[in-house]
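Visitor: this is a predicted model, with the sequence first.
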Amino acid sequence: MMKPIKDLMNYKESDIDYDNIIDGLMSDPIIKKFILEHDMTHEDVIRSLNVFLTFRDEKNICNKCSGLENCKLSTVGFTPKLEYSKNYIELTYSRCQYNKFNTATDNIYAMYVPKKIFNASLDDFDLIGESRKAINNYVLKFLKSYHKDSFIKGMYICGKYGTGKTYILAILANELAKLGHKVYFAYYPDLARELKSSIGDGSLEEKITSIKEAEILMLDDIGGEYFSEFIRDEVLGPILQHRLLDNKPTFFTSNLNYNDLAKAFRKTDNNLETIAAFRIVERIKRMTVEFVLTDLPHIS
């Protein structure tokens with residue numbers, strides 16, 4: 001998190017020589033080009049000094065970097081970028097030169113998911129709209145903070161069909177795979193059907209165990225499957241409980257928000273059904289942060 005400029009420089013605001021600072025910034029060719037290209041005024045630059053100074057300092061660190069193992073930034077593997085939008089300057093991040101290798105598909109176990117989505121790239125993340133910016137920020141936070149011994153919640157991304165929920169999970173799966181993490185990615189309606197059909201061939205427990213133990217689990221379109229009390233109570237429930245207790249990150253997409261998902265998991269409105277559905281959704285709530293997508297992705 002960036003600090004106010006007066007804190008960064010350890011000066012009182014009245015003592016800051018803004019003209020001298022701006023002269024120093026203009027000696028940086030990237031910052032100078034950015035300011036000139038966007039026809040920024042003296043006042044515009046002063047309002048964004050904190051962003052410019054942070055960008056300059058982090059870019060200087062990147063310029064001296066020799067590889068991911070020596071990265072000194074908190075956003076390991078990502079380099080700062082300046083973005084201009086409606087007179088507002090933002091500091092964003094993209095993969096650095098040492099984080100450009102191909103998708104580590106061997107680290108992604110995909111079930112019933114089109115292979116083409118694993119070309120999804122963080123560089124193509126749609127940042128139009130507040131909800132997408134919030135998701136992008138959480139993705140970056142997860143990539144920065146996650147390691148096997150420290151729990152961080154997954155995401156529950158809900159919204160109408162066509163809003164890009166699956167693509168967002170694919171982006172995160174790719175980035176995690178590149179960092180060496182193992183991802184189990186499944187289209188949940190088809191997975192549920194396969195698990196139900198496995199009852200007769202004796203492979204059900206083995207498949208449930210592999211899902212329970214997956215380092216990172218991503219279930220696409222939960223709530224879109226044909227309702228089954230058995231899958232809800234004997235398969236999904238134990239999987240979620242195991243992962244919750246073991247602090248294993250789990251991600252979901254759905255056309256339904258938390259409350260509507262609880263309704264979808266009930267066969268009737270009797271108390272037993274309500275309690276069973278409530279238990280499932282409460283586990284999901286405890287292991288995820290909900291993000292609601294309300295608009296279609298931007299097409300450039």
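Guide: Great, that's in hand.

Visitor: tell me, how many residues neighbour the closest residue to residue 214 other than its chain neighbours?
Guide: Residue nearest to residue 214 in three dimensions, not counting chain neighbours: residue 184, with 3.7 Å by CB to CB, 6 or more residues apart in numbering. The C-beta positions use only the backbone N, C-alpha and C, and glycine is treated the same way. Residues lying near residue 184 (other CB atoms under 10 Å) number 20.

Visitor: mind exporting the host helix or strand of residue 184 as CSV, just the C-alpha atoms?
Guide: For residue 184, the element it lies in under DSSP states H and E is strand 183-187. Only the C-alpha atoms of strand 183-187 are listed here, as CSV (Å, rounded to 0.1, in the frame of the first residue of the first chain):
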residue,chain,number,x,y,z
VAL,A,183,-4.5,-26.9,-9.9
TYR,A,184,-7.5,-29.2,-10.3
PHE,A,185,-9.9,-27.4,-12.6
ALA,A,186,-13.3,-29.0,-13.3
TYR,A,187,-16.6,-28.1,-14.9
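
Visitor: show me the contact partners of it.
Guide: For strand 183-187, the external contacting residues (CB atoms under 8 Å, 6 or more residues apart in numbering) are 107-113, 169-170, 173, 176-177, 210-211, 214-221.

Visitor: quick check: what element follows it along the chain?
Guide: helix 188-197.

Visitor: just the buried residues of stretch 62-70, please?
Guide: For stretch 62-70, the neighbour count (16 or more other CB atoms under 10 Å) marks 62, 65 as buried.

Visitor: residue 274 is in contact with residue 266, isn't it?
Guide: Yes. Under the criterion of CB atoms under 8 Å, residue 274 makes contact with residue 266 at 6.1 Å.

Visitor: who has more neighbours, these two?
Guide: residue 266 (18 against 15).

Visitor: could I have the PyMOL command that selects the buried members from the contacts of strand 183-187?
Guide: Buried subset of these, written as a PyMOL selection, criterion 16+ other CB under 10 Å:
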select buried, resi 107+108+110+113+169+170+173+176+177+211+214+216+217+218+219+220+221
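
Visitor: show me the contacts of strand 183-187 that map onto strands.
Guide: The strands, defined by DSSP state E, take in 108-111, 216-220 from those.

Visitor: want to try a markdown table for the residues you listed, with pLDDT and distance to residue 243 as columns?
Guide: Below are those laid out as a markdown table (pLDDT from 0 to 100; distance: CB to CB, whole Å):
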| residue | pLDDT | distance to residue 243 |
| --- | --- | --- |
| 108 | 85 | 18 |
| 109 | 85 | 16 |
| 110 | 84 | 19 |
| 111 | 84 | 17 |
| 216 | 95 | 10 |
| 217 | 97 | 7 |
| 218 | 96 | 12 |
| 219 | 96 | 11 |
| 220 | 95 | 16 |
